[in-house]
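# Model the structure of this input:
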Amino acid sequence: MTSPLPGTTLSDSEQAALVYTLSDCFARRPTLESATPGLVRDMLEAEYPLLGERLAHAALIEPQPCGDEVEYRVLTLAHLLIERFLGEEQLAHPDGSYLTLYPGAEHPEQLSLSVAAVDALLKEWAPLLLEAYKQDLVDFWGSPSADEVAPWQRLSEFFAEQLRQASTALSGDELSTVQAVLDYPDLKERQARFGADCAQAYIPIIDSRAQDADPLPVQALAMSRWVGKRQIVLLYTLFGGIEVFDSTQALESSLEVTLNGQDSEFRNYSPDHHVFDALTVTLLARQLEAIDAIRPADYRDPQALEQHLLELTGLQALFGAFRSGHEAKLGRLRDLLPEGLRNASASDRTLYGHYVVALAAVYRRHAGKTFLDGIPDIATFAGESLQASLLAKYPQAATVSVSDISVTLTRIANRPLEMVESASDVRYESQTRDYVAMALENLEAFPLGAAARVLYQGQAAPPWMTYDALRTAVSDADVGRTYPELLAQRLQHDPVERARQERLFSDYLHVLLPMLALELRFKRQLTESARLYVEAVVTHDNGVQEVGGQPIVVRPLAFVAQPQATPDRVRNMFVIGPRSTDQGPQVLFRPGSARLMLEFASLDELLAAVQAPGVLRQSVLGGLDSNRRAIYDQGGFKEPHVVRVTRLDEDLPAVPKPASLDTSELPGAFGAALFAATVEALIAHAEAISVSDAEDRWNRFADLGWTLFNLLVPFAPAPLAEVGLLVQLMSDLKTFVDPNASEPWSAFADVLLSLAVVLVYHRRSFAAQGRSPVPVAVPLGNAVVKDPAIKVSSQLVFAWTRPDRPFTASELVRLESFKLSLDDSPGSLLESGEWKGLYQHDKLFYARVEGAWFRVSRRLDGVVIINDRHPARQGPWLRRDSSGLWRLDRGLRLLGGVGELSVRAAKKLKSLEKKGRDLLATLPALLADAERTAKVVHSPLDIQHILETKAQPFEEVIQELRGLTRGLTQSPRTLIAELEEAASILANEGLSQRISLTRKALPTVTAIRFLREQEQITIRKLGGRRAIPGGKKPDFLEEYEIRDRQGRPLWYAHFHYDTASKPLAEYGKAHLKTLQQRHLGISFQSAQEAAGVNVTPIWRGPIDAETAATLFLPLSG
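Okay, here's the model as predicted:
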């Protein structure tokens, strides 16, 4: 029995986490790029059966003349196969082109297959491209991931959970109807629990005849049940939740209205097994149907086709998998997405969503606290310090807010020389500024003797709030000293607080920096390689990371002014890139700058950019120690000013060489180094922003210093730097937080999760998914039509419970009907080949599975159990495990429709056809070899056996092709006929050679019988019995002539009697003689012996009594 599903509902955040887990699972689904190499391997496997997976990397190498040299272009067969599928014309390959498996090698090894043959294979196999993709997609759905959960299983559980969520709005009989389906998804179990009148569940299947229709217009589950005379009908969809109808007719009318104006119709599928598994499979079936509708000519390039496939096979259709209220929230969130995210590809949105989920997890883990938690920013600190200074002298300041204080200073605008040279009128200019902002510039902002007017909340200030009082408070607060001291104490000297702040910093940074790198790639400010480098060093943090086989390291940005000098490090700047100094790209990371990451092709290009005048050089100079800055300022990167800042050294050259980049790698963890550098920069920034005589570059640094920290503080007050899409979204995202939430940080984490869901599942239009009002019901009949889950052309087979579930009671009964009552094996065990482990008896095959015997049928798609009495009735498919045992294969299987082939079957057929064509090509050589062999065999029978053995592979391929393609339109009848003819030629040649050799050999009874069976000879009696003179004893001879088909004498048979009247059967001797020795006998040999010459051997092939009685003696009657 299937265990009831959990009865608890999920919060919005749990829902979002569940959906995103599902997205993470389906992010690993196959792509066209991943499916094509496998097809290339299958295409070449028949040519190179021992090379295996290496074939997937095959490529054509084409020479390309380039001046006096020759360069080479690499064209992977995978890419060519896709282009050929899209209708690209066959390329004209230049002379010298060749096939290789190692296109990246310095001297790629050339394969023997010609380029013309490769082109022929590409043309032959290109039509199978989408079929191969579909097969990979089906395999993906049924294959467990690292957590041993297959996408099919995860999605089935997801559907059930969403129905449970939606059912919380129901009550009474409606709720119990849904609950029965949830607790007992299998129909037989439901009937056993509630009886024949239990709740029924069926799936409306919409068949669209429009070629460009949305492949997933409705993914729904209908449930019905009679309670007395009242019918309860419910329709659950991922877009609309649960709708209640008062009859089946009303539901069907609603579907008719939904499809109004579309070239579609619907039918109902009532699964008798796990309904949520079936609902899941229908989603896959719709995806496969959508892929079937693809027309290659509609795509301009492989990327367009790849993108369409990703959209068809993704889970965007699940966006509405929430209660309608939450769906509305997600819709509003989608409307907030910046254009960069809207236009990003599905894979990029998914990746960005991953980072948002990770950010939500970090935010929740730290209860909303972020880096610098508990430490006020410098403006807040200055305000508090000024408030305390004023309050110490003026009790009236207790009710005053310093942020409401402003000062208007009036100064003479004339230039000093202007006042001397002419008697022009004195001009005055006034400027009103915020008191706290002025305080950050220290007393320089409060000139003595200035004409000043103090305002409070825009009005005249109280009498005690004088300009001098405010100026004195600035001096007493001494923000320029006390705020850096606060930062140093909290972030450097207090070990407990430092450790806490470093954890906050690192945890957020591990998510935010890869996120920002992805955003910069959206904007084309970073390449994908650079993004991956940043992600690698930030997420793994310690040690050398590898990206694409290349070691990636972090280097502190530092310069060497002269050989052997100590490097001058730039505060809080790092270079991320390949360890090899001549490789790129190299990413300059500057946490204190408006553009945190800048990409350069190489370290040399980075150095050149620093040497050039501009913002980058200024920011680098600003990060150098003040006592070393003069060396590099004013063109010092190209000509370091070492002579002017050091004691005279006669060894120094007159013109110093340009400064160089230090290439030392960062020791230890990048996160720890970045935290220390950031704290150092933050303190320096605080000192600079509160010192009036800071250099201009430091003022610019002050404006940019909080860029990184605004990313780390989602609720940071304005001003927010315009860096990071998430920062741009932040104020809007905060409006989604429940103002009455007891834990606002947790509520905000939920909003982030919802944003992640939108990134993955957003569709072009939510409103379009709305349902039209239900009109008056049109009677359509109450019967639920029970049809297959998918159309035959969909080719997806799903008839048994998925592998992770036990068999249902009904399935066990079905399986029992296929078992055979056998004690012993029904045939001989096949010990090799594709069908190893099966048993064969004549033309029938059997398998022993988990202790039971089944009759099986071999197909192009594999091995399937069939009913022994009714072979057309199929059971489960079988698969052979790694130990060689055949087991039930209860997963999804993509088969061909009626008379058609699946891609697996097509590959098998092509392999067999290739094998057959290869055999045909060997026929001339086999025949020529037979001619040579015939001259050296021991007996004529040997040559026939040899050629029959050579014909056996032809017969085997013929039998496989016939048996595996019976009833298919793709049956290669012409090839089968050619193989049959070839097999016949070999067999006939074997017989012909045996006949020829037999005729040339000495006559034997076996030869006589064989030639007579083949109608190659006739036997006749020559005259009557006659006496043979010259012997020691009386000898009478009866002679028979053996003639060939042309009537020419071949051999003779002699029967000897001792009297003229002896009965035929009482002969004394009987033997066969050659044509040449017909008249030679004992007298001839005796004469030779008497003459002293060599005695000629005379062949006398014995004739046994049975042969005499059947072939010779009757002729004398």
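# where in the stretch 51-200 of the chain is pLDDT low?
By pLDDT under 70, the low-scoring segments of the stretch 51-200 of the chain are 146-147.
# Grab the nearest non-local neighbour of the most centrally placed residue in the chain.
Centroid-nearest residue in the chain: Pro30, 3.3 Å away (criterion: Cα atoms, centre = their mean). Leaving out its chain neighbours, the residue that sits closest to Pro30 by Cβ to Cβ, 6 or more residues apart in numbering is Asp136, at 4.0 Å. From N, CA and C alone the C-beta is placed, and that goes for glycine too.
# same question, Glu1039
Here the residue nearest Glu1039, using Cβ to Cβ, 6+ apart, is Leu1022, at 4.5 Å.
# For that neighbour, which three-state class applies?
Under DSSP: H, G, I helix; E, B strand; the rest coil, the three-state class of Leu1022 is strand.
# how far away is it from Glu1041?
Distance, Leu1022 to Glu1041, using Cβ to Cβ, to the nearest Å: 5 Å.
# in stretch 72-79, what counts as buried?
75-79 (16 or more other Cβ atoms under 10 Å).
# is it fair to say Arg225 lies in a strand?
Yes. Arg225 forms part of a strand when assessed by three-state DSSP.
# Around Ala132, how many other residues sit close by?
24 (other Cβ atoms under 10 Å).
# got a pLDDT number for Pro744?
Looking at Pro744, its pLDDT reads 67.
# rewinding a little: got a list of what the residue nearest to Glu1039 touches?
By Cβ atoms under 8 Å, 6 or more residues apart in numbering, the contact set of Leu1022 is 1039-1041.
# Go through these and name the one nearest Ile866.
Tyr1040 (58.1 Å; Cβ to Cβ).
# Verify the stated contact: that closest one with Arg1025.
No. In this structure, Tyr1040 is not within contact of Arg1025 by Cβ atoms under 8 Å, at 11.9 Å.
# who has more neighbours, the two?
Neighbours per residue (other Cβ under 10 Å) separate Tyr1040 from Arg1025, with Tyr1040 holding more: 22 against 17.
# That one: what secondary structure?
Judged by three-state DSSP, the three-state class of Tyr1040 is strand.
# which residues does it bridge with?
With DSSP bridges as the criterion, Tyr1040 is bridged to Lys1021, Ala1053.
# got the contact list for it?
1019-1022, 1052-1055, 1112, 1115.
# and stretch 293-303, what's its mean pLDDT?
86.
# Next, the distance between the ends of that stretch.
In stretch 293-303, first residue to last residue: 18 Å (Cα to Cα, to the nearest Å).
# quick one: buried residues of that stretch?
Result for stretch 293-303 [16+ other Cβ under 10 Å]: buried residues 294, 296, 299, 302.
# The stretch 601-750 of the chain: strands as residue ranges?
660-661 (DSSP state E, counting those that start in this stretch).
# just to confirm, which helix or strand has Ala925 in it?
helix 923-933 (DSSP states H and E).
# which helices and strands sit right next to the following helix or strand past that helix?
Toward the C-terminus, helix 923-933 is succeeded by helix 940-964 as the next helix or strand (DSSP H and E). Here helix 940-964 touches strand 852-859, helix 903-921, helix 923-933, helix 973-1000, going by 3 or more Cβ pairs under 8 Å, 6 or more residues apart in numbering; DSSP states H and E.
# give me that answer again for 6 Å
Judged by 3 or more Cβ pairs under 6 Å, 6 or more residues apart in numbering; DSSP states H and E, the packing partners of helix 940-964 are helix 903-921, helix 973-1000.
# now the ones you listed in CSV, with mean neighbour count and distance to Phe381?
CSV is the format used below for the helices and strands packed on helix 940-964 (neighbours: other Cβ atoms under 10 Å; distance: least, Cβ to Cβ, whole Å):
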stretch, mean neighbour count, distance to Phe381
helix 903-921, 19, 68
helix 973-1000, 17, 87
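# Of the ones you listed, which is nearest Val757?
Per Cβ to Cβ, nearest to Val757 of the helices and strands packed on helix 940-964: helix 903-921, 33.9 Å.
# Check which helices and strands that closest one is in contact with.
Helix 903-921 is packed against helix 129-142, helix 940-964, helix 973-1000, with contacts defined by 3+ Cβ pairs under 6 Å, 6+ apart.
# tell me the angle it makes with helix 129-142.
130 degrees (axes from the mean of the first three to the mean of the last three Cα atoms, to 10 degrees).
# just to revisit the earlier point, can you give me the neighbour number for the residue nearest to Pro30?
Neighbourhood size, Asp136 [other Cβ under 10 Å]: 22.
# Roughly how far does it sit from Glu174?
Computed as Cβ to Cβ, the Asp136 to Glu174 distance reads 42 Å.
# same thing with Leu606?
With Cβ to Cβ as the criterion, Leu606 and Glu174 are 68 Å apart.
# So those two - more neighbours on which side?
Leu606 (23 against 19).
# so what's that one up against?
586, 600 (Cβ atoms under 6 Å, 6 or more residues apart in numbering).
# Check Leu927 too.
By Cβ under 6 Å, 6+ apart, Leu927 lies in contact with nothing.
# if you set the cut-off to 8 Å instead, what comes out?
985-986, 989.
# closest to Thr663 among the residues you listed?
For the contacts of Leu927, the nearest to Thr663 is Leu986 (72.3 Å; Cβ to Cβ).
# hang on, isn't the closest one packed against Pro953?
No. Contact status for Leu986 versus Pro953: not in contact, 10.0 Å apart, counting by Cβ under 8 Å.
# Helix or strand: which one has Leu333?
Judged by DSSP H and E, Leu333 forms part of helix 324-336.
# typo on my end, it should be Gly584
Counting by DSSP H and E, there is no helix or strand that carries Gly584.
# burial measure for it, as a count.
Neighbour count of Gly584, defined by other Cβ under 10 Å: 21.
# how about it, phi and psi?
phi -150, psi -180 (degrees, to the nearest 10).
# Find me the pLDDT at it, would you?
For Gly584, the predicted pLDDT is 90.
# Distance-wise, check the residue lying closest to Pro514 once chain neighbours are set aside relative to Gly635.
Distances taken as Cβ to Cβ, 6+ apart put Glu535 closest to Pro514, at 4.3 Å, once the chain neighbours are dropped. In this structure, Glu535 and Gly635 are 37 Å apart, going by Cβ to Cβ.
# who has more neighbours, these two?
Using other Cβ under 10 Å, the more surrounded residue of Glu535 and Gly635 is Glu535, with 21 against 12.
# Give the helix, strand or coil label for that one.
Per three-state DSSP, Glu535 ends up helix.
# Would you mind confirming that it makes contact with Leu516?
No. Using Cβ under 8 Å, Glu535 is not in contact with Leu516, being 10.6 Å away.
# Can you spell out which helices and strands pack onto the host helix or strand of Tyr352?
Element membership for Tyr352 (DSSP H and E) is helix 346-365. On a contact count with 3+ Cβ pairs under 8 Å, 6+ apart, helix 346-365 meets helix 12-26, helix 302-313, helix 495-522, helix 744-761.
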